[in-house]
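Q: Structure here, sequence nowhere to be found:
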């Protein structure tokens, strides 16, 4: 890809970009690891918390992108403009967007869901030794990643 694309080349580049996707969070095959001394996978814990099945809902993906949507749009615009000027390929651009998105999800963990998550109960805080919701072993947070792929 050239740094100085004409309108036809740029349109072709955007068409190539639209054929890609970035799956962020716990993409298939990335969160199969089991928690120590349990038969529960990281993916299962993520789904339970994201949706509040049988407990307090603590969305770290959907709510993050609803709350930070404008910021992500601005970041994607900056990435696209900067990387096109550098001559970066589509996969690199999507990879950068995945990394930025992962950072937003980390922000949710670091801020208690941007201040929206209910606090842990005193018994839970005592048992895990921390008052940060969704932070116990750190395995769920550490498992947040992204995968760049082709749209089907």
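A: Received the coordinates, thanks. Not measured: the values here are computed from a predicted model. Residues are numbered from 1 along each chain as shown.

Q: what about residue 53, which SS state?
A: Assigned state for residue 53: coil (three-state reduction, DSSP: H, G, I helix; E, B strand; the rest coil).

Q: oh, I was asking about residue 60
A: Residue 60 is classified as coil under three-state DSSP.

Q: All the strands of the protein, residue numbers only.
A: Here the chain has its strands, by DSSP state E, at 20-25, 145-150.

Q: Need the ones you listed in CSV (columns: mean neighbour count and mean pLDDT).
A: All C-beta spots, glycine's among them, are computed from the backbone N, C-alpha and C. Formatted as CSV, these follow (neighbours: other Cβ atoms under 10 Å; pLDDT from 0 to 100):
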stretch, mean neighbour count, mean pLDDT
strand 20-25, 18, 95
strand 145-150, 15, 95
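
Q: what's the closest of these to residue 90?
A: Nearest to residue 90, of all these, is strand 20-25, at 5.7 Å by Cβ to Cβ.

Q: which strands and helices sit next to the closest one?
A: helix 90-110, strand 145-150 (3 or more Cβ pairs under 8 Å, 6 or more residues apart in numbering; DSSP states H and E).

Q: quick one, which of the ones you listed is nearest to residue 64?
A: The closest of the helices and strands packed on strand 20-25 to residue 64 is helix 90-110. By Cβ to Cβ, the value is 4.6 Å.

Q: by how many degrees do the closest one and strand 20-25 diverge?
A: In terms of direction (axes from the mean of the first three to the mean of the last three Cα atoms, to 10 degrees), helix 90-110 departs from strand 20-25 by 20 degrees.

Q: buried residues in helix 90-110?
A: Across helix 90-110, burial judged by 16 or more other Cβ atoms under 10 Å covers 90, 93-98, 100-102, 104-105, 107-109.
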